[in-house]
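In: Just the structure for this:
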Amino acid sequence: MYDGLDDSETFRQALLKKGYREGRDLLFLVDEGGRHNEQSWASRVHVALAWFFGRKKP
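Out: Numbers count the residues shown, from 1 in each chain. As a prediction, the model looks like this:
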């Protein structure tokens, strides 16, 4: 079954080569056993939302 992980990793490596930095410009999450469907996305969307919209500093 195709899960897209190899293609995603290739894209991640290309972004890093272009100067993106993990934790600053790039979030890459591997969800072992995760699938490419709404149920799996719902189980991990909180990670991306927290990264995009984290707490604002006073």
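In: For residue 29, which non-adjacent residue is closest in space?
Out: In space, and not counting its chain neighbours, residue 29 is closest to residue 47: 5.7 Å by C-beta to C-beta, 6 or more residues apart in numbering. Backbone N, C-alpha and C define where each C-beta goes, glycine included.
In: Which parts of the protein are helices?
Out: Taking DSSP state H as the criterion, the chain contains helices spanning 5-17, 38-53.
In: Centre of the chain to the least confident helix or strand in the chain by mean pLDDT, how far?
Out: Within the chain, no helix or strand scores below helix 38-53, which has a mean of 91 by mean pLDDT, DSSP states H and E. Computed by C-alpha atoms, centre = their mean, to the nearest Å, the separation of helix 38-53 from the middle of its chain amounts to 9 Å.
In: what residues does that helix touch?
Out: Residues from elsewhere that reach helix 38-53 (C-beta atoms under 8 Å, 6 or more residues apart in numbering): 27, 29, 31, 34.
In: who wins for most neighbours among those?
Out: With neighbours taken as other C-beta atoms under 10 Å, the top of the contacts of helix 38-53 is residue 34, carrying 15 neighbours.
In: Low-confidence stretches in the protein?
Out: When residues are selected by pLDDT under 70, those of the chain lie in 1-2, 55-58.
In: Spatially nearest residue to the spatially most central residue of it, not counting backbone neighbours?
Out: For the chain, residue 28 is the residue whose C-alpha lies nearest the centre (C-alpha atoms, centre = their mean; 3.3 Å). Nearest-residue entry for residue 28: residue 12, 5.0 Å, with adjacent residues in sequence omitted and distances by C-beta to C-beta, 6+ apart.
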